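Undergrad: coords please:
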Amino acid sequence: MKIKTGDKVKILTGKDRGKEGVIIQVFPKVERVVVEGINIMTRHLRKRANQPGQKIQFASPLHISNVKLISPKSGKSGRVGYKKIEADGKTRKIRVIKSRGIKEDVE
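TA: Take a look at the predicted model:
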């Protein structure tokens with residue numbers, strides 16, 4: 001996956017469209033991410049013998065295609081790609097944002 005925990009993303013679709021948040025959790029096998037404060041769901045818990053009933057709110061996972069990475073340097077958002085850079089005889093693979101022909105480092 002091209003998006004990692006701790007990345008700032010923008011929501012593209014759904015009830016929270018246009019909002020921004022930080023990724024808390026990533027599920028690569030099902031291609032889903034959990035964004036802090038976005039896609040909040042409520043779960044009602046039945047009362048138990050010595051516990052009262054309650055409502056629990058939690059951030060539900062979003063599909064990876066519904067979020068767009070935001071660059072920490074410039075604040076621009078876009079699709080993510082990879083680029084190889086050679087430095088001191090070693091090659092490094094870095095993430096870049098593809099924005100109208102301009103490639104910008106994410107890391």
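
Undergrad: okay, CA-based contacts and neighbour counts for the rest of this
TA: Fine.

Undergrad: What residues does the residue nearest the centre of the chain make contact with?
TA: Nearest to the geometric centre of the chain sits Ile23, at 4.1 Å (C-alpha atoms, centre = their mean). Going by C-alpha atoms under 8 Å, 6 or more residues apart in numbering, Ile23 touches Lys4, Thr5, Gly6, Asp7, Lys8, Val9, Val33, Val34, Val35, Glu36.

Undergrad: how about 10 Å then?
TA: For Ile23, the contact set (C-alpha atoms under 10 Å, 6 or more residues apart in numbering) comprises 3-9, 33-38.

Undergrad: now it, nearest residue through space, not along the chain?
TA: Val35 (4.4 Å; C-alpha to C-alpha, 6 or more residues apart in numbering).

Undergrad: Can you name the residues that contact that neighbour?
TA: Val35 neighbours (C-alpha under 10 Å, 6+ apart): 5-11, 20-26, 59-62, 67.

Undergrad: For ChimeraX, what selects the buried ones among those?
TA: Buried members of the contacts of Val35, defined by 16 or more other C-alpha atoms under 10 Å, are picked up in ChimeraX with:
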select :7,8,9,10,11,20,21,22,23,24,26,59,60,61,62,67
